[in-house]
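# Predicted model and sequence below, questions to follow.
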Amino acid sequence: MIEPLTLNTEKLQTEIDFLDLEKHRIRPSDIIPPPEIAIKMLIEENPDNYAIMGTLGNFSTYIGKAKAKKTFFVSIAVASAISYQPVFRTYLGCLPPHQCNVLYFDTEQSKWHVQKVVRRICYLSEITDPENLIVYGLRSEETKTRLAFIEKKIYETENLGFVVIDGVRDLVYDINDPAEASEIAGKLLKWSEELNIHIVTVLHQNKGDGNARGHLGTELMNKAETVLAVEKKDNSDISVVIPQFCRNREPDLFAFEVDDDGIPFKVRVPQDRESKPKFSIDEVQLSVIWELVQIVFTEIHSGAPMTDGILRTQIKTASKGFFPEKEILNDAEVNKVLLIAKANQMIIQEKKRYPFKLGNFPL
């Protein structure tokens, strides 16, 4: 069990003294290249028009309720990662040649069922026995052993570029323990950045709503580069992949079914999903932006000075469930809300680097 967090400032300061803190500094003049793409979704099957699904140095989270066919969608993603060919002319793996290896960890299923997943990936990738796919079934291991095993394999696998943890919930004892949730999210961030790889985690949604389960789900959704939800269409066999949060361009909806042999195939997105208008902050009325800003300053503000970082975080928090068309704003949308609010004096700042204050609605 994870020990409760205690703050020993003297010990912490000693540890910090030994760190090379300057390696974390970011200067305006630094030349930092954009992260390389690990997997992308072709829009209308056009190679020149795409949405980034995941980049090296980051992790993604795929969520869905039981029997939504999350693992089937993961199979599609992995098949594209190992083959460098667009699966269903839609998903395309872009791993660098020197990072072509893919690790897949399943924590829930029996070996027989995990092998079915492997064979499904082989079928979709059209590779009989892919040398760059390494799969482990960890259901029989204890929780702490699973986590240690995954960490060891990630660091010792050469030419690694892509990792899947199907059942990340099984790496913690208590899904609602903040300390355990923080540790797992921290490890995912550390592994992905240190090794410059992309990691996909798979987690169940709550039965009553669309949120990922527990503190672990909240932590992963907050830290992930991309969050995709796999939802089963009511009274049909169609599963729809829906973007929940994306730091890059939001991908289109994607729908699939599974045939009698357990192989997914692409289908048309159901009409009620397809006709749903795309959400845009630019089309939101100023009165709605003002209402959101008021919530930030009057309902969820903790009392600490409203710095730029705190303001952005609290706008995102307040946006959860606020817009009927959008579960939660992504970073680009938060930035646009902030620009609109500042331009219309809804948020004011007396001097540069001063805390922000609530302004007034423009007349």
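Right, received. Where do you want to start?
# Spatially nearest residue to Gln228, not counting backbone neighbours?
Just so we're on the same page, residue 228 is Leu rather than Gln. Excluding the flanking residues, the one nearest Leu228 by Cβ to Cβ, 6 or more residues apart in numbering is Tyr62, at 5.1 Å. All C-beta spots, glycine's among them, are computed from the backbone N, C-alpha and C.
# From Leu147, how far off is the residue nearest to Glu158 when sequence neighbours are not counted?
Leaving aside its chain neighbours, Glu158 sits nearest to Asn101 (7.0 Å; criterion: Cβ to Cβ, 6+ apart). According to Cβ to Cβ, to the nearest Å, Asn101 stands 21 Å off from Leu147.
# and if you look at Glu156?
15 Å.
# Also Gly64?
Distance from Gly64 to Leu147, by Cβ to Cβ: 23 Å.
# ok, now Tyr173?
Tyr173 sits 10 Å away from Leu147, going by Cβ to Cβ.
# Between those two, which is the more surrounded one?
Ranked by neighbour count (other Cβ atoms under 10 Å), Tyr173 and Leu147 place Leu147 first, with 22 against 12.
# I'd guess that one is in a helix, am I close?
Yes: when classified by DSSP: H, G, I helix; E, B strand; the rest coil, Leu147 is found to be part of a helix.
# Now it: closest residue in space that isn't a chain neighbour?
Closest to Leu147 by Cβ to Cβ, 6+ apart is Leu171, at 4.7 Å.
# ok, now which ones touch that neighbour?
By Cβ atoms under 8 Å, 6 or more residues apart in numbering, the contact list for Leu171 reads 107, 143, 146-147, 150, 165, 184.
# Sketch out the helices for this structure, chain order is fine.
Secondary structure of the chain (DSSP state H): helices at 9-17, 70-83, 111-125, 143-156, 178-195, 214-223, 271-274, 286-298, 308-319, 331-343.
# Lowest mean pLDDT across these, which one is that?
Of all the helices of the chain, helix 9-17 carries the lowest average pLDDT, namely a mean of 60.
# show me what contacts Thr317?
Thr317 neighbours (Cβ under 8 Å, 6+ apart): Ile300.
# How many residues are close by Ile37?
19.
# my guess is it contacts Ala51, does it?
No: counting by Cβ atoms under 8 Å, Ile37 sits too far from Ala51 to count as a contact (10.3 Å).
# what's next to stretch 259-276, contact-wise?
Residues from elsewhere that reach stretch 259-276 (Cβ under 8 Å, 6+ apart): 69, 72-73, 75-76, 88, 90, 116, 120, 123-124, 233, 236, 238, 240, 242, 252-258, 325.
# May I see the buried residues of stretch 225-239?
For stretch 225-239, a neighbour-count test (16 or more other Cβ atoms under 10 Å) marks 225-233, 238-239 as buried.
# Just list the residues touching the residue nearest to Glu158, thanks.
Contact partners of Asn101, counting by Cβ under 8 Å, 6+ apart, are 132-134, 157-162.
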